[in-house]
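> Next come a sequence and a model predicted from it.
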Amino acid sequence: QVQLVESGGGLVQAGGSLRLSCAYSGRTFLSYAMGWFRQAPGKEREFVAAISWSGGSSDYADSVKGRFTISRDNAKNTVYLQMNSLKPEDTAVYYCAARFGRLTMSQADFSAWGQGTQVTVSS
């Protein structure tokens, strides 16, 4: 049983930064690719970033490329999302997800999800 717990959300002004963390427990962390998704009010949940089990490969949504960085610390069973130059349109609930196997950007491929953490960016 995989469990994911996000933290680090909050209220920040436009142009500011936040770092989200996702603590993983359960099966071997190294077996899982990890991803971050977000859902804004009234919108569908969307892909943000994903990272391979080794951390050697990553993918980003075009809307966050150059501003967000996904990373993982396999010794701590934790994945991070560093968010810089935040914009009001980044406001959403951010979800961490785990996928057994290789890196993917498809939500349907992720089998375990956290409860989400709210990020609000004020203008």
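Structure received.
> Stretch 61-68: how far from the chain's middle?
Mean-position distance between stretch 61-68 and its chain equals 12 Å (CA atoms, centre = their mean, to the nearest Å).
> number of nearby residues for Ser52?
Applying other CB atoms under 10 Å, we find 17 residues neighbouring Ser52. To be clear about C-beta, it is placed using only N, CA and C from the backbone, and glycine gets the same treatment.
> what about it, distance to Ala40?
27 Å (CB to CB, to the nearest Å).
> So what sits opposite the residue nearest the centre of the chain in the bridge?
In the chain, the centroid-proximal residue (CA atoms, centre = their mean) is Trp36; its distance is 2.3 Å. Trp36 has these beta-bridge partners by DSSP bridges: Ala49, Cys96.
> can you tell me which residues contact the residue nearest to Ser123 when sequence neighbours are not counted?
With sequence-adjacent residues excluded and distances taken as CB to CB, 6 or more residues apart in numbering, Ser123 is closest to Pro88, at 4.7 Å. By CB atoms under 8 Å, 6 or more residues apart in numbering, the contact list for Pro88 reads Ala14, Val121, Ser122, Ser123.
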